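> Sequence first, then the predicted structure, then my questions.
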Amino acid sequence: MRGADPLPPAPELIGLYIADLAAPQGKPPALSVASIERRLSGLSWGCAQRGARLDRKDRHIATVLAGIRRKHARPPVQKEAILPEDIRDMLATLPHDLRGLRDRALLLIGFTGGLRRSEIVSLDHGKDDTPDSGGWVQILDGGALITLRGKTGWREVEIGRGSSDQTCPVHALSQWLHFARIDFGPIFVAVSRDGRRATPDRLSDKHVARLIKQTVEDAGLRPELSKADRLRLYSGHSLRAGLASSAEVDERHVQKHLGHASAEMTRRYQRRRDRFRVNLTKAAGL
């Protein structure tokens, strides 16, 4: 657009490029800091594929990016957490058919497992059932054991049985697998148009987001908001944030369950944690 040669990747040119993304000349909207960093990562990858090297620590890039962060950075936008009372109301809106059994199991496994939406739909019945598997499930006496390939590597997620069948994730999953006759391959699959049988087709992660938004709307959560604002407030991450916010256990257990590398990341998911429980001011004698 500016008549510059993109190769070889000159740091001065990259610096001008990301500055233009933050404060564009003309009609294009300014990009957020996260979007600019994503563009920069894409450029680095593209250069590496061509045998070139893009040094992001070069002062022409690092200094410009630091200035953009100082001026344009905003706190991360957090999605609303779905709490236990919310999930009960959402489950009550589901129909009592095969599709309802699947969606009930999906919501409960996603919530109690603290899973990302891509992790939920990637689960298989057994190990190595499909090439695109992201993990598998074992139903044991004490609950369900999920072996999962997440963003931070392989980990095990233990999902215990609930206090009642209505809200027990293990019971919901067992019911779905039994009536859908699933004993191999993807666990969460599409249902035929007539609603009588499960197909072999794995659901996409977009189904999880659509299901959450639809059940949130049907349950009437946050009635003070407009429909558009309410749907914008909830996403697939709302299940993950809901578990982190409502599980009243030691923080390190939540961190391990969610697969976070640091406690700070876990705290970002906790929308209503008990703040100031540890008072270092008094502990220091003041």
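Received the coordinates, thanks. Being a predicted model, the structure only gives us computed values, none of them experimental.

> Mind telling me what element residue 69 is part of?
For residue 69, the enclosing helix or strand under DSSP states H and E is helix 59-72.

> what packs against that helix?
helix 11-22, helix 33-49 (3 or more Cβ pairs under 8 Å, 6 or more residues apart in numbering; DSSP states H and E). From N, CA and C alone the C-beta is placed, and that goes for glycine too.

> just the strands in this structure please.
All strands of the chain, identified by DSSP state E, fall at 123-124, 135-139, 143-150, 153-160, 189-191, 198-202.

> Walk me through which strands the third one pairs with, and which way each runs.
By that I understand strand 143-150. Strand pairing for strand 143-150, determined by DSSP bridges: strand 135-139 (antiparallel), strand 153-160 (antiparallel).

> how far out from the middle of the chain is that strand?
Centroid separation for strand 143-150 versus its chain: 16 Å, with Cα atoms, centre = their mean, to the nearest Å.

> Which positions in it come out as buried?
Neighbour-count burial for strand 143-150, counted by 16 or more other Cβ atoms under 10 Å, picks out 143-144, 146, 148, 150.

> Over to the second one?
Residues of strand 135-139 classed as buried by neighbour count (16+ other Cβ under 10 Å): 135-137.

> can I get those residues in JSON lines with distance to residue 163 and pLDDT?
Below are the buried residues of strand 135-139 laid out as JSON lines (distance: Cβ to Cβ, whole Å; pLDDT from 0 to 100):
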{"residue": "135", "distance to residue 163": "26", "pLDDT": "93"}
{"residue": "136", "distance to residue 163": "26", "pLDDT": "95"}
{"residue": "137", "distance to residue 163": "21", "pLDDT": "95"}
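
> Now do the contacts for residue 92.
Taking Cβ atoms under 8 Å, 6 or more residues apart in numbering, we find residue 92 in contact with residue 219.
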